[in-house]
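Asks: When you get a sec, could you give me coordinates for this:
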Amino acid sequence: MFKERMFHNPVMDFINTLCNLAALNAVFLITCLPVITIGPALAALYAVAMREARGEYGYLARPYLRKFRENLRPGIPAFLILAALGAFLLFGLVFWLSIGTPLALAGAGLLAGALILWFLTVSYAFPLIARFENTTARTLKNALRLALGNKWPTLALLAADAFVLSLCLYLPFMKLFMAFAGFSCAAFGQAYIFNRVFQPYEKTEENGGAARPEINIQR
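Replies: So this is what the prediction gives:
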């Protein structure tokens, strides 16, 4: 059972939530330091954020560490595959753009399209790992299918990412906020979208806990 919130005063409730998000953000950044653990860290962050967005209030840092351990096995391979693929596509794009011939520019256009699909896959992959039990290959396929099959939620996610990136580029204090609580706040905001997208595919256990069913999207 999740601990219900103790504070009902709006100001105190806001302070309590902000402190929880700051603690979660700090633990998230620490668990990202080995680099190869970024995948499990993202999956754990979304797992806690989606739970909170469903109204299952409670502590954030402790459940995060439990989810981080649970997602080490599926999260690391997914991250390594996506990171290698992203590096390959980015290198190819820069290489063909540097040549500058019409044929090279056509190849660069194809790689730019592939990078967009890659980014869409990344956007859904780790929330999927957080919520469903699947092989790495199926998770990546499902991520791309969900991204393409849910136009408005995907556009909302892209808009949110673009908004945060713009703030980081043009507002110096935004970088400090990201280090303080920005990643957890961003995940919490996106969690509402993911909960809505995943809801048709979810199952609930009889004891009230959230199951991690398999998911195979055919589109």
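
Asks: Next secondary structure after the helix or strand hosting A162?
Replies: For A162, the host element (DSSP states H and E) is helix 151-170. With elements assigned by DSSP H and E, the helix or strand that comes after helix 151-170 is helix 172-177.

Asks: Dump the C-alpha coordinates for that next one into CSV.
Replies: Listed next in CSV are the C-alpha coordinates belonging to helix 172-177 (Å, rounded to 0.1, in the frame of the first residue of the first chain):
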residue,chain,number,x,y,z
PRO,A,172,20.8,30.3,-17.8
PHE,A,173,19.0,29.4,-14.5
MET,A,174,17.1,26.6,-16.2
LYS,A,175,20.2,24.4,-16.2
LEU,A,176,20.4,24.8,-12.4
PHE,A,177,16.7,23.9,-12.1
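
Asks: isn't T139 right next to A125, touching?
Replies: Yes - with contact defined as CB atoms under 8 Å, T139 counts as touching A125 (6.0 Å). For glycine as for every other residue, the C-beta is placed from the backbone atoms N, C-alpha and C.

Asks: most remote residue from the chain's center?
Replies: Most distant residue from the mean C-alpha position of the chain: T101, 37.2 Å away (CA atoms, centre = their mean).

Asks: any idea how far that residue lies from L60?
Replies: Using CB to CB, to the nearest Å, one obtains 52 Å as the distance from T101 to L60.

Asks: Please name every helix or strand in contact with the strand or helix carrying M12.
Replies: Assigned by DSSP H and E, M12 belongs to helix 10-32. Counting contacts by 3 or more CB pairs under 8 Å, 6 or more residues apart in numbering; DSSP states H and E, helix 10-32 is packed against helix 38-53, helix 61-70, helix 183-198.

Asks: any idea of the mean pLDDT in the next helix or strand after the shortest one?
Replies: When you say that, I think you mean helix 61-70. Counting by DSSP H and E, the element after helix 61-70 in chain order, helix or strand, is helix 72-99. For helix 72-99, the mean per-residue pLDDT is 96.

Asks: which ones are touching G92?
Replies: Taking CB atoms under 8 Å, 6 or more residues apart in numbering, we find G92 in contact with 107, 111.

Asks: Report the separation between it and N142.
Replies: Distance from G92 to N142, counting by CB to CB: 25 Å.

Asks: picking up where we left off before, how far out from the middle of the chain is the helix holding M12?
Replies: Remark: helix 10-32 is offset 17 Å from the chain centroid, using CA atoms, centre = their mean, to the nearest Å.

Asks: can you list contacts of that helix?
Replies: By CB under 8 Å, 6+ apart, helix 10-32 touches 5-7, 37-38, 40-41, 44-45, 48, 59-61, 64-65, 68, 179-185, 188.

Asks: Just checking, which helix or strand of this protein averages the lowest pLDDT?
Replies: Of all helical and strand segments in the chain, the minimum by mean pLDDT, DSSP states H and E falls on helix 10-32, at a mean of 86.

Asks: ok now the lengthiest helix in the chain, how far from the chain's centre?
Replies: Secondary structure of the chain per DSSP state H: the longest helix is helix 102-131. From the chain centre to the centre of helix 102-131 is a distance of 15 Å (CA atoms, centre = their mean).

Asks: by contact count, what packs against it?
Replies: Other elements packing on helix 102-131 under the criterion 3+ CB pairs under 8 Å, 6+ apart are helix 38-53, helix 72-99, helix 136-149, helix 151-170, helix 183-198.

Asks: Having no further points to raise, I will conclude here.
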